[in-house]
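Colleague: Model the following, please.
(one chain, ligands or ions: 1)
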Amino acid sequence: MQHIISSKELSKDKIESILNRSKEMEEACKKGTVEPILKDKIVACIFFEPSTRTRLSFETASLKLGAQVISAENAETNSSAYKGETIEDTTKILSSYADIIVIRHHTAGMLLRASKVSNKPVINAGDGANEHPSQALLDLYTIQKEHGRLDNLTIAFGGDLTHSRTLHSLVPLLTLYPNNTFYFISPKELALPKEYTDSLQKNGVNFKEMNTLKDGLKDADILYMTRVQKERFENAEDYEKVKDLFILKKEHLAEMKKNAIIMHPLPKINEIELEVDSDPRASYFRQAENGLYVRMAMLEYVLKG
Ligand code: CP
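Modeller: Numbers count the residues shown, from 1 in each chain. This is a model prediction of the structure:
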C-alpha cells in the first residue's frame, strides 16, 4: 500500500513509472480501450476546500477505471467535521468503507495525519499552502509532453509563491532532473518560503529571485503563473495590496521564446489576460486535461504499485 502525501517522497523511478502509465492511460482513453482495473473498488473523494479540477478529475479517473465513487464536496460543513470530528476519526471511518481515499484540506499537515491512521492508500489533493503532489505530477507530465524533456529547462514561476502548494510540490520534483534553472518572480510579500530557497541552495540548484515579470520572460522555456490566493490572507487589506501586481499581458508574449509554454494550475482570476488564452503557447487547458490521465495512473499506482 502506498500513500501519496508529499512529492518529496517520490523517487525518480516512481515518478517515471507514473508518467509512463499516464501516457498509456491517455492513449487508452483516446482509443476507448481503458481496462476496468479498479472494478469492485470504491474511491472516496473528501474535499474540505472547493475544487473543480482535482475532485472531478479524480472522480472521472475512478469511473473510467471501473471504480465507484463516494464523495463529500463540502466536507467542512457537510461531514461530521462540522461537529468537531477529528481528521483521524474521519479517515478511520473512510478506510473501512473505501479502497482509496482522496482528501483536500485547508490545513497544512492534515493529510500526513490522515495517512498515519489509514489502512487504505491516502492521496493528498492539496493541504493548505503546503503541497499538491497530484498537480505536480500532472505538471511534469505536461512539461514532458510539450517540451519532450524534464531537464535543461529554465522555469520562471510568477505570482504568489508563498501560498502556491502546486509550486511547493513541483520544484522538488524538477530538481531531480539535471541542469534546470528556476526564476522565482514575485513581490517580496509573496516570495518563495525560505525553507525552499535554503534547500535549493544546499543542493546547488541554479535559481534567481526577481521582482518583475518582464525580467524572467526572455529566457523561460516555461512560464508558470500562479493565482494570488485570497483565501490564505489573514486580512483583506494585505490581499488588495498585492492582488494585481503580476498580470501576464498579451504584450508580454512577444518577449517570450517561440517554443516556450505558459502553465497555470488553474483556477486563474485576472493574473493572465484573456487574450493570452488563444496563444498556442498557453498550455493550461491542455495541462488540466492531462490531470485526468495522471490521476488514473496515480489511482492504479497507490493500489497496485
Ligand atoms: N489546480 C487545482 O487544484 O484546481 P482545483 O482547485 O479546481 O481542484
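Colleague: Would you map the strands across the stretch 51-200 of the chain?
Modeller: Counting by DSSP state E, counting those that start in this stretch, the segments of the stretch 51-200 of the chain that form strands are 68-72, 100-105, 122-127, 154-158, 181-185.
Colleague: what's the burial count for residue 210?
Modeller: Other residues near residue 210 number 14, with proximity taken as other Cβ atoms under 10 Å. All C-beta atoms are positioned from the backbone trio N, CA, C, and that covers glycine.
Colleague: ok, now residue 253?
Modeller: Using other Cβ under 10 Å: residue 253 sits among 18 other residues.
Colleague: OK, contacts around it?
Modeller: Each residue near residue 253 by Cβ atoms under 8 Å, 6 or more residues apart in numbering is listed here: 276, 279, 281.
Colleague: Tell me the one among these nearest to the ligand.
Modeller: residue 276 (17.7 Å; Cβ to the nearest ligand atom).
Colleague: Could you pick out the buried ones from the contacts of residue 253?
Modeller: Among the contacts of residue 253, those classed as buried by neighbour count (16 or more other Cβ atoms under 10 Å) are 276, 281.
Colleague: about what we covered before: and the strands of the stretch 51-200 of the chain as a markdown table, adding mean pLDDT, mean neighbour count and distance to the ligand?
Modeller: Converted to a markdown table, the strands of the stretch 51-200 of the chain look like this (pLDDT from 0 to 100; neighbours: other Cβ atoms under 10 Å; distance: least, Cβ to the nearest ligand atom, whole Å):
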| stretch | mean pLDDT | mean neighbour count | distance to the ligand |
| --- | --- | --- | --- |
| strand 68-72 | 97 | 17 | 13 |
| strand 100-105 | 98 | 27 | 7 |
| strand 122-127 | 98 | 27 | 6 |
| strand 154-158 | 97 | 24 | 15 |
| strand 181-185 | 97 | 22 | 19 |
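Colleague: Columns distance to residue 16 on top of the ones you listed, output as JSON lines?
Modeller: Below are the strands of the stretch 51-200 of the chain laid out as JSON lines (distance: least, Cβ to Cβ, whole Å):
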{"stretch": "strand 68-72", "distance to residue 16": "28"}
{"stretch": "strand 100-105", "distance to residue 16": "22"}
{"stretch": "strand 122-127", "distance to residue 16": "19"}
{"stretch": "strand 154-158", "distance to residue 16": "19"}
{"stretch": "strand 181-185", "distance to residue 16": "21"}
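Colleague: before we move on, the earlier item: mind listing which of the contacts of residue 253 are in strands?
Modeller: Among the contacts of residue 253, no residue falls in strands (DSSP state E).
Colleague: Let's have the contacts of residue 253 in a markdown table, adding distance to the ligand and pLDDT.
Modeller: Below are the contacts of residue 253 laid out as a markdown table (distance: Cβ to the nearest ligand atom, whole Å; pLDDT from 0 to 100):
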| residue | distance to the ligand | pLDDT |
| --- | --- | --- |
| 276 | 18 | 98 |
| 279 | 20 | 98 |
| 281 | 19 | 98 |
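Colleague: so residue 259, which of the three states?
Modeller: coil (DSSP: H, G, I helix; E, B strand; the rest coil).
Colleague: In helices, which of the contacts of residue 253 appear?
Modeller: Among those, no member is found in helices (DSSP state H).
Colleague: In contact with residue 15: list those residues for me.
Modeller: By Cβ under 8 Å, 6+ apart, the residues touching residue 15 are 137, 140, 173, 176.
Colleague: re earlier: out of the contacts of residue 253, the closest to residue 183 would be?
Modeller: Distance to residue 183 across the contacts of residue 253 (Cβ to Cβ) is lowest for residue 281, with 16.8 Å.
Colleague: Test my guess that the closest one contacts residue 262.
Modeller: Yes - in this structure residue 281 lies within contact range of residue 262 using Cβ atoms under 8 Å: 5.3 Å.
Colleague: Mutual contacts of those two, please.
Modeller: Contacts common to residue 281 and residue 262, judged by Cβ under 8 Å, 6+ apart, are residue 256.
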